[in-house]
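Sharing a model prediction with you, sequence too.
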Amino acid sequence: MKFKDWATRVMLISLMFAALILVLLAGKGTQLQSNTPTSNPENITLSQYPKAQLQSAKNQGNESKKVVKSSVKTNKAVARYSTTEAFAQYRPSYEIAAVNPSNYGERYAKDINGELINNEAIIVLHETGYSASSAINFFQAPHNDESVQASYHTLIKLDGTIVYLVPPEKRAFGAANSVFDSPDGSETVKTNPDLPPSVNNFAYHVSLETPPDSYNSSQKTHSGYTEAQYNSLAWLVAQSQVPDDRITTHQEVDRSGQKVDPINFDSDKFLSLLHTYRQVKPTYKLGTGD
């Protein structure tokens with residue numbers, strides 16, 4: 001190769017790298033400028049919530065055995081979980097249904113008073129009240145009235161199919177006037193001056209499809225959920241680092257006095273399955289400097 005040709009190529013490659021560096025720097029500057037208080041709080045990380053492991057013939061097996069790592073910083077002993085062989089062997093069907101943007105939002109870093117939000121994640125269990133399709137249709141319709149906007153992160157059909165609705169890093173509108181009573185005290189966040197405080201900012205909402213025998217009944221009871229629903233729910237939650245004592249129900253967090261779901265939920269069956277799909281690693285301390 002002639003020296004002239006070689007020099008030309010070197011110059012072109014140098015120019016390409018220079019252009020790439022400029023683009024990256026410009027992108028970084030734009031990212032810094034767009035970093036608003038609606039970004040995720042540091043300790044509400046995606047890894048705390050159930051992962052949407054979309055199962056297919058190509059990603060079965062070893063992929064589903066991966067341990068979800070968390071960057072949660074705390075000074076107390078925390079439980080760590082890893083999925084089991086039973087988890088790897090259970091393969092629920094799944095669907096993806098896009099929710100209208102009016103029915104979910106960002107997770108806030110600060111409340112309306114400017115205070116940093118540092119709640120650890122919780123999982124709230126619900127039921128649809130009617131069919132899964134009716135709930136999905138409602139979530140996919142635009143709603144301008146904030147008092148009727150609603151969504152879940154995931155929904156589990158009667159046959160165990162998991163429907164992924166709102167990405168876990170987003171704030172689903174699953175519970176309105178709500179408070180989570182933890183061992184450390186009551187937890188809730190007010191992010192809208194016109195609405196009551198709620199757990200939505202640090203909650204992952206999962207709903208079970210209601211059995212048909214309850215559709216036209218005024219009684220607060222029904223035949224219960226299917227084995228497939230319990231298995232899919234436990235499989236989904238097993239992918240999270242949310243401890244058992246931060247898994248709750250809509251009825252327990254509700255402060256309106258109107259929510260009773262999930263009706264006839266067998267918590268013992270659920271926890272037994274959950275412990276089959278994930279196991280506790282030895283506890284350890286973070287942030288102590290040891």
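Good, I have the coordinates.

Just to check, Arg278 is in contact with Thr84?
Yes. The criterion here is CB atoms under 8 Å, and Arg278 meets it with Thr84 at 6.3 Å. No exception for glycine: its C-beta is placed from N, CA and C like everyone else's.

Give the intersection of the neighbour lists for those two.
Common neighbours of Arg278 and Thr84, using CB atoms under 8 Å, 6 or more residues apart in numbering, are Ala238.

of these two, who's got more company?
Under the neighbour definition other CB atoms under 10 Å, Arg278 and Thr84 were set side by side, and Arg278 has more, 23 against 16.

List the beta-bridge partners for the more buried one.
Going by DSSP bridges, Arg278 is paired in beta bridges with Thr83.

gap between it and Tyr81?
Distance, Arg278 to Tyr81, using CB to CB, to the nearest Å: 4 Å.

quick one: pLDDT of Lys51?
As predicted, Lys51 sits at a pLDDT of 76.

What of the one 5 residues further on?
Note on Ser56: pLDDT of 37.

try Ala109
95.

With Ser147 instead?
Among the per-residue scores, Ser147 holds a pLDDT of 86.

neighbours of it, just the number please.
Ser147: 9 surrounding residues under other CB under 10 Å.

State the phi and psi torsions of it.
phi -70, psi -10 (degrees, to the nearest 10).

The stretch 1-150 of the chain: helices as residue ranges?
Using DSSP state H, counting those that start in this stretch, the helices of the stretch 1-150 of the chain run over residues 3-33, 85-89, 132-140.

Can you tell me which of those has the worst average pLDDT?
Among the helices of the stretch 1-150 of the chain, helix 3-33 scores lowest, at a mean of 44.

Name the residue closest to the centre of the protein, please.
Centroid check for the chain by CA atoms, centre = their mean gives Pro168 as the closest residue, at 3.2 Å.

pretty sure that residue is touching Val206, no?
No. Counting by CB under 8 Å, Val206 is not a contact partner of Pro168; they are 10.4 Å apart.

Show me whatever sits in contact with both of those two.
Counting by CB under 8 Å, 6+ apart, the residues touching both Pro168 and Val206 are 50, 153.

List the neighbours of stretch 97-106 that are in contact with it.
Contacts for stretch 97-106 (CB under 8 Å, 6+ apart): 38-40, 136, 139-144, 149-151, 163-166, 170-173.

Now with 6 Å, please.
38, 136, 139-140, 142-143, 149, 151, 163, 165-166, 170-172 (CB atoms under 6 Å, 6 or more residues apart in numbering).
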